[in-house]
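**Q** take this sequence and fold it.
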Amino acid sequence: MIQTHNPSNTTGGYPTREEAERLLKEAEALNPGPWGNHSRTAAHCAEAIAAKCPGMDGEKAYILGLLHDIGRRFGVRHLGHVSDGYSYMMSLGYPAVARICLTHSFHDLSLDDYIGKRDVSDEELKLIEDALRQVRPDDYDRLIQLCDALAGADGVLDIEERMSDVKRRYGFYPQNKWDGNLYLKHYFEEKAGGIDIYTLVEKDTFRPVGGSGND
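**A** Below you'll find the predicted structure:
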């Protein structure tokens, strides 16, 4: 069962910043690639945005952003990285991260708009569907969805350029997901007091420092 988490208490729901960084480095050693720096960029964006939003915890946002793709430690998979990440984080006792491993890929919390191969077993598919049905989305789910769309392996991307790139690579991009990402950009700009998202996340200057697959 996916659990909700109180951002004022990090015990159990998600690891410390140091442990999260260790987990990412360990995962990159098992499956090297640009997904690691994509994750670092997402973490940077999440922390910067959350720090300006009343009621949000920048440290929690950083950790969730850093580990949203942790399922990639198990190899090159598409939908499979979602179930891998969820199961792995649950096994470590980090349900708040497990939840984000799921929700970052599904704006409407269903598989209808998933972009990529459904390379999962029937058991894994049922795990994803059952877990998604229990989620009531909050601002951390929404924030990591946004930051996933902003984050490139070399730094912060223009969100519409990134979506266009995904559309070129996969042949389509659901319109509701496209519109949803733009909505999230405006939503968090308003929560952050009207600050432009690209200014907030230092789009022109931030570069991730770390390891070197698929974002």
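
**Q** can we go C-alpha only for contacts and neighbour counts from here?
**A** OK.

**Q** immediately after the helix or strand encompassing Asn181, which helix or strand?
**A** Assigning secondary structure by DSSP states H and E places Asn181 in helix 175-191. Once the chain leaves helix 175-191, the next helix or strand it forms, by DSSP H and E, is helix 197-200.

**Q** where does pLDDT dip in this structure?
**A** 1-12, 113, 211-215 (pLDDT under 70).

**Q** would you map the helices across it?
**A** 17-30, 35-50, 58-67, 80-91, 95-103, 122-133, 139-150, 159-170, 175-191, 197-200 (DSSP state H).

**Q** okay, the third one in PDB with CA atoms only?
**A** By that I understand helix 58-67. The C-alpha coordinates for helix 58-67 follow below in PDB (Å, rounded to 0.1, in the frame of the first residue of the first chain):
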ATOM      1  CA  GLY A  58      13.000  21.600  -0.300                       C
ATOM      2  CA  GLU A  59      15.100  18.800   1.200                       C
ATOM      3  CA  LYS A  60      12.300  16.300   0.700                       C
ATOM      4  CA  ALA A  61      11.700  17.600  -2.800                       C
ATOM      5  CA  TYR A  62      15.400  17.200  -3.600                       C
ATOM      6  CA  ILE A  63      15.500  13.600  -2.400                       C
ATOM      7  CA  LEU A  64      12.300  12.600  -4.300                       C
ATOM      8  CA  GLY A  65      13.600  14.200  -7.500                       C
ATOM      9  CA  LEU A  66      17.000  12.500  -7.100                       C
ATOM     10  CA  LEU A  67      15.400   9.000  -6.700                       C
END
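
**Q** burial count for Lys191?
**A** 15 (other Cα atoms under 10 Å).

**Q** Gly116 and Pro208, how far apart?
**A** Distance, Gly116 to Pro208, using Cα to Cα, to the nearest Å: 25 Å.

**Q** coming back round to it: ok now the helix holding Asn181, how far from the chain's centre?
**A** Taking Cα atoms, centre = their mean, to the nearest Å, one finds the center of helix 175-191 at 15 Å from the center of the full chain.

**Q** tilt between that helix and helix 139-150?
**A** Going by axes from the mean of the first three to the mean of the last three Cα atoms, to 10 degrees, helix 175-191 is angled at 110 degrees with respect to helix 139-150.

**Q** right, I'll call it a day here.
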